[in-house]
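Enquirer: 3D, please:
(chains A and B)
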Amino acid sequence: MTPLVLTAFTAVNALGRGSAAVLEALTAARTGLKPCNFEQVSLETYVGEVAGLDDLRVCERLAEFDCRNNRLAELTLEQDGFAARIAQARVKYGARRVAVILGTSTSGILETERAYRRRDPLTGALPADFRFATTHNLYASTDFVRRYLGLEGPAAMISTACSSSAKVFASAWRLMTQGLCDAAVVGGVDSLCRNTLYGFASLDLVGREPCRPCDAQRGGISIGEAAGFALLERPEQAASHSGVALLGYGESSDAYHMSTPHPEGAGAALAMQRALTCAALPPAAIDYINMHGTASQVNDSMEDKAISTVFGTNTACSSTKGWTGHALGAAGITEAVISALCIRNGLMPGCLNTRSIDPGFTSKVLLTNQSAAVRRVLSNSFGFGGSNCSLIFGAHP
Amino acid sequence: MIELWIEGVGIYAPGLAGWERAAPVLAGRQPYAPGEPPKLAPALLPADVRRRTTEHIRLAVEVADEAVRQAQADAAALWSVFATSESDGAISHNICEEVAKDVPEVSPTRFHNSVTNAPAGYWCMAVQSQAPSTSLSGFDASFGVGLIEAGVQVGVERCSVLLVAHDAPFPEPLHSVRPISALFGAALVLAPARSARSLARIVVAIEPTLHALSRMADAGIDGLRTGNPAARILPLLAALARRESGELFLPYVHSQALRVTLEPV
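Expert: Numbering: from 1, shown residues only, chains lettered A, B, ... in the order given. Below is the predicted model of the structure:
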């Protein structure tokens, strides 16, 4: 495929606000995970919470969109000068030629959860101040972001569980290739809520300690919240860019089980192979793989097998969820931004919190951070329903 | 502008269960008689799997299966796009009710069925498809957003795509804040080139200026169109049923419209 450059990118997650904070925590091997005391949740677990969201409000002109998910989106748009770069793109291409394609799993459902705790005791009705369309609805954060940025191009909210904000890159590339837009804001936002904390706990997937991806003793996931955005442009049209380009994408379906991946990682391997084919690259061209690596027993095991199948046993790989937690629908963009930071800074992160790698694994899982030239990164995102997406990012001169 | 060839249609709604029954009604040759549609029991899902699914999931699988059978397509090879404004409203209600308790006990099956791509997951399992599948939302413009995603997949990837639009009413108390009037699902199989199975050629473009949206002639059917985001597809299905060339305007994001030019084969 024809590469697209990431003209700008940004992220907010448990590590902090903006690329510099994320990079600093990665380099210092400092986790963002903390014991869960979110929303009176009674589970013994760790979460990757974004500090300060309760004290924020979305901008006055979009006040009807105020909710945790959109606060996190707005906070993120204001990091790294991202919103200002979009303003330039809007002038350059026109508002109708810039797409907004985002991903989420639960949108602003936390607002509904809170409203359900305030139902009228007699009628069961929701409180009069509850706003549905601008908070809970799946499309709400796409609508918020495109209004905030003043964009009127093609828009969508992709919701394929934990691959949502990886698949946005594929959709945006296709829209630009078809000629329906000249640039695209891609990304995603997912915020903590009782639905996902108790839901993953019901499947025995939530760990009691900070998650330890690929560890022999891994005990489950740490749920996080995050947002991230990138501006995609054609290289010849970008006046300046981040030095990182999208080189390929691969999407696949497991067709195996709703909440358990294929044990041999067949769907995951297919997504990685398709990404390599799309980028016209051999496996050896990838320097580092940012794994989905949730620290659940089955995910990490099948992903190790899938990586070994496609890449053999010599490609460095790791999961950064020990830093950020699993940001679900925002995991794809969070790890896309981390991949870009790795390329720009010659960093291959280890698996934070992990003590000893599962002896059954055959891929080259990094335990500690390494400094090395990183020209190309493959980033994996796999979701419930068997939805897989692999992205390839590379240095772009 | 995107050129697509429709090869199969599926539909399920009150008074419009199945294309064979729906086409003469949508074409205006038979009166619209809404009423409870037959029970959703898609034959594609084995009984034990069907028991674990919800009405929302069965709705999507039912219309997908009908469209793919009509197109005589290789179901496993099709890419798929599932468009929904609200995902599974009954599950949202159930889980929000449960997590409102101090010590919630969420059902694990209900939780994994709560992801927006649950219908896609069941579809891919049923037909053993490892092809890419995307689930998405665009609020009241969800069908238009799905048509653009599916159309661009056909146009750029040169693959055939199954497009499913599906939404179901919320239970109370959510129904009062987001009223969806009735169950509605529809599916199209879209191909990049004309074939012996082509029913119509459509050309889809995002209209540059504000444009009035196409409506249904029958007030009852038009009520269905405005009452359920997935039913915004109805003017396209009516044109297909009438086998008439024409131009339609369907809702897209930011109050924009998609201009859909249809020519029957």
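Enquirer: CA only for contacts and neighbour counts going forward, please
Expert: Noted.
Enquirer: give the contact list for the residue nearest the centre of chain A.
Expert: In chain A, the residue lying closest to the centroid (Cα atoms, centre = their mean) is A:Ala331, at 2.3 Å. Taking Cα atoms under 8 Å, 6 or more residues apart in numbering or on different chains, we find A:Ala331 in contact with A:Cys162, A:Ser163, A:Ser165, A:Ala166, A:Ala226, A:Ser381.
Enquirer: Farthest pair within those residues?
Expert: Spatially, the most separated pair among the contacts of A:Ala331 is A:Ala226 and A:Ser381, at 14.8 Å (Cα to Cα).
Enquirer: follow-up on the earlier one: in CSV: the contacts of A:Ala331, plus pLDDT, neighbour count and distance to B:Ala83.
Expert: Formatted as CSV, the contacts of A:Ala331 follow (pLDDT from 0 to 100; neighbours: other Cα atoms under 10 Å in any protein chain shown; distance: Cα to Cα, whole Å):
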residue, pLDDT, neighbour count, distance to B:Ala83
A:Cys162, 98, 30, 17
A:Ser163, 98, 32, 16
A:Ser165, 98, 37, 16
A:Ala166, 98, 35, 18
A:Ala226, 98, 33, 24
A:Ser381, 98, 31, 21
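Enquirer: from these, which ones fall inside strands?
Expert: Here DSSP state E is the test, and the contacts of A:Ala331 give A:Ala226, A:Ser381 as lying in strands.
Enquirer: ok but the residue nearest to the centre of chain A is inside a strand, no?
Expert: No. Using DSSP: H, G, I helix; E, B strand; the rest coil, the assignment for A:Ala331 is helix, not a strand.
Enquirer: Do you have the strands of chain B handy? List them.
Expert: Going by DSSP E, chain B shows strands at B:2-12, B:79-83, B:133-137, B:161-167, B:184-191, B:200-206, B:246-251, B:257-264.
Enquirer: The stretch 151-300 of chain A too?
Expert: Ranges of strands in the stretch 151-300 of chain A, per DSSP state E, counting those that start in this stretch, are A:155-158, A:183-190, A:223-224, A:226-233, A:244-253, A:288-290.
Enquirer: looking at the ones you listed, which is closest to B:Val106?
Expert: Short answer: strand A:223-224, nearest of the strands of the stretch 151-300 of chain A by Cα to Cα, at 16.5 Å.
Enquirer: contacting residues around that closest one?
Expert: A:13-14, A:46-49, A:191-192, A:197, A:206, A:324-328.
Enquirer: So which residues of the stretch 251-397 of chain A form helices?
Expert: A:266-279, A:297-311, A:321-324, A:331-345 (DSSP state H, counting those that start in this stretch).
Enquirer: So which of those is the most surrounded?
Expert: Stretch with highest mean neighbour count among the helices of the stretch 251-397 of chain A: helix A:321-324 (a mean of 30; mean count of other Cα atoms under 10 Å in any protein chain shown).
Enquirer: elements contacting that helix?
Expert: Counting contacts by 3 or more Cα pairs under 8 Å, 6 or more residues apart in numbering or on different chains; DSSP states H and E, helix A:321-324 packs against no other helix or strand.
Enquirer: if we go to 10 Å?
Expert: In terms of contacts (3 or more Cα pairs under 10 Å, 6 or more residues apart in numbering or on different chains; DSSP states H and E), helix A:321-324 is packed against strand A:4-13, helix A:19-27, strand A:46-48, strand A:223-224, helix A:331-345.
Enquirer: Pipe these into TSV and attach mean pLDDT per row.
Expert: Output for the helices and strands packed on helix A:321-324, formatted as TSV (pLDDT from 0 to 100):
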stretch	mean pLDDT
strand A:4-13	98
helix A:19-27	98
strand A:46-48	98
strand A:223-224	98
helix A:331-345	98
